[in-house]
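Engineer: structure for the following, please:
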Amino acid sequence: MPVKKHLLLVIIIMLSVLSNKVKAQYYDNTYREDSWHVTVGPDFMAVVNPQQYPGNGLTAATYSRLGLGASVHAEYYPNPFVGLTIGSGVTTISKKSEAGTPKNENFSNYLMVPFKIGVKAFFSQTMFLGAETGLGYVNPDYRASHMTKIVSPQLGYSNNDTGWEVSLKYEVDHTKSTYISMLGLHIAYSFDLSN
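Structural biologist: The predicted model follows:
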């Protein structure tokens with residue numbers, strides 16, 4: 001067996017053992033089980049590839065390295081360690097012009113409205129790994145299409161006592177020929193609807 005396969009097998013076994021120990025340690029935290037939550041908060045994005053993106057089939061626009069957004073998620077926890085999520089929001093990135101060059105008026109700011117489903121898996125009382133996927137409406141268009149696919153893994157902290165949640169995520173919005181990738185910081189407040 002190649003070394004990479006051995007390493008992958010060892011990692012899977014270690015994560016399985018760790019997961020079982022964590023579940024045993026925190027099994028009394030049943031406050032999350034069979035509960036509904038809504039989280040609302042801002043997103044701060046850093047664009048990894050701030051290159052030119054084609055739009056309207058004409059020329060290209062260059063976008064900033066920083067973006068802002070906000071999102072809202074509905075979450076259901078069938079057990080204390082797994083949450084199922086559905087969410088939406090908005091992300092915007094300003095277009096920019098090179099020094100001495102006027103902004104291309106064919107383009108507006110990058111604006112994306114996502115619709116995503118996802119899952120959170122808690123590996124401790126407050127820490128979780130998450131993943132989201134979905135579709136987003138984008139302006140300006142990507143090669144005559146206003147739709148983009150979204151994939152976003154994340155690592156987060158959620159404190160049920162205070163209601164605060166913080167997560168780091170890596171998001172890729174892509175079509176067949178164009179993509180934009182971002183690192184994001186999401187800060188949210190969680191409303192427990194089950195109380």
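
Engineer: which element, helix or strand, includes residue 69?
Structural biologist: Assigned by DSSP states H and E, residue 69 falls within strand 60-79.

Engineer: run me through the strand neighbours of that strand, direction for each.
Structural biologist: strand 35-47 (antiparallel), strand 52-54 (antiparallel), strand 82-96 (antiparallel) (DSSP bridges).

Engineer: could these be laid out in CSV, adding mean neighbour count?
Structural biologist: In this view, the C-beta of every residue, glycine as well, is placed from N, C-alpha and C. Formatted as CSV, the strands paired with strand 60-79 follow (neighbours: other CB atoms under 10 Å):
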stretch, mean neighbour count
strand 35-47, 17
strand 52-54, 17
strand 82-96, 17
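
Engineer: for residue 114, give me its contacts.
Structural biologist: Residue 114 makes contacts with 71, 87-89, 91, 134-136, 150, as judged by CB atoms under 8 Å, 6 or more residues apart in numbering.

Engineer: what's downstream of the helix or strand hosting it, the next helix or strand?
Structural biologist: Per DSSP H and E, residue 114 falls inside strand 110-122. Note on strand 110-122: by DSSP H and E, the next helix or strand toward the C-terminus is strand 127-142.

Engineer: least trustworthy helix or strand in the protein by mean pLDDT?
Structural biologist: Least confident helix or strand of the chain, by mean pLDDT, DSSP states H and E, is strand 52-54 with a mean of 52.

Engineer: low-confidence ranges in the protein?
Structural biologist: 1-31, 50-62, 96-107, 140-145, 176-177, 195 (pLDDT under 70).

Engineer: let's see 90
Structural biologist: Filtered on pLDDT under 90, the chain yields the residue ranges 1-35, 47-66, 79-81, 93-112, 123-126, 137-149, 159-163, 172-181, 192-195.

Engineer: which parts of the strand holding residue 114 are buried?
Structural biologist: Under the neighbour-count criterion of 16 or more other CB atoms under 10 Å, strand 110-122 has 110-114, 116, 118, 120, 122 buried.

Engineer: perfect, I'm done here.
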